[in-house]
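A.B. asks: I'd like to go over a predicted model; first the sequence, then the structure.
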Amino acid sequence: GNLKIRKELSMCKAVVPSVVQRICDRAMQVHGAMGLSQDSFLSMAFSGARWLRFADGPDEVHWRTVGRLELRDQKRRDDSLYDLPGYTRRGAPHSKNPPTDPDFLAKL
C-alpha cells in the first residue's frame, strides 16, 4: 500500500463504518416497524455496516495509528523550525521580541 495515505486511510476506516451504521439506525427508527423487517433494505444495510466495523478491526487501533502518524508529522514540522535563525530547540525565539526580517517571516 501507499504509506503516504496511511493516516487518511485509518481515519476513513474508523469513521465511515460507524457513520453508516448510525445513518442506518436513524433510518430504521424513521421507518418504524418496517425498518426492522427482514424484507427491507435497511436491515441488510445495518447488518452490513456492523459487519464492516468488525472486518476492518477495532476503531481504537485505527485512531492509535492516526495519532502516532500525526505526532510524527508534527515532530517533523517542529524540527524544521530549529533550522530558522533565532529559534532554540524549544522552538521559542531567543529574545522577547521576535525577528521582523521579511525573509525570516516568509519561512514560517
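C.D. replies: Great, that's in hand. The structure presented is a predicted model; accordingly, all values stated were derived computationally and were not measured.
A.B. asks: from here on, contacts and neighbour counts on C-alpha atoms
C.D. replies: Noted.
A.B. asks: now the helices: where do they sit in this protein?
C.D. replies: 6-31, 33-36, 41-55, 59-81, 102-107 (DSSP state H).
A.B. asks: Using TSV, lay out those together with mean neighbour count and mean pLDDT.
C.D. replies: Listed next are those as TSV, based on neighbours: other C-alpha atoms under 10 Å; pLDDT from 0 to 100:
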stretch	mean neighbour count	mean pLDDT
helix 6-31	16	91
helix 33-36	15	81
helix 41-55	16	87
helix 59-81	14	84
helix 102-107	9	66
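A.B. asks: Contacts only, for Trp63.
C.D. replies: 10-11, 14 (C-alpha atoms under 8 Å, 6 or more residues apart in numbering).
A.B. asks: With distance to Ile23 added, can I get those in CSV?
C.D. replies: Formatted as CSV, the contacts of Trp63 follow (distance: C-alpha to C-alpha, whole Å):
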residue, distance to Ile23
Ser10, 20
Met11, 18
Ala14, 15
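A.B. asks: Quick check: Lys13 vs Ser43, distance?
C.D. replies: 22 Å (C-alpha to C-alpha, to the nearest Å).
A.B. asks: what's the answer for Trp63, then?
C.D. replies: Distance from Trp63 to Ser43, by C-alpha to C-alpha: 28 Å.
A.B. asks: what sits against the residue nearest to the spatial centre of the chain?
C.D. replies: The C-alpha lying nearest the average C-alpha coordinate of the chain belongs to Met11 (C-alpha atoms, centre = their mean; 4.0 Å). Contacts here follow C-alpha under 8 Å, 6+ apart; on that basis Met11 touches 62-63, 66.
A.B. asks: repeat that with 10 Å
C.D. replies: 5, 59, 62-63, 65-67 (C-alpha atoms under 10 Å, 6 or more residues apart in numbering).
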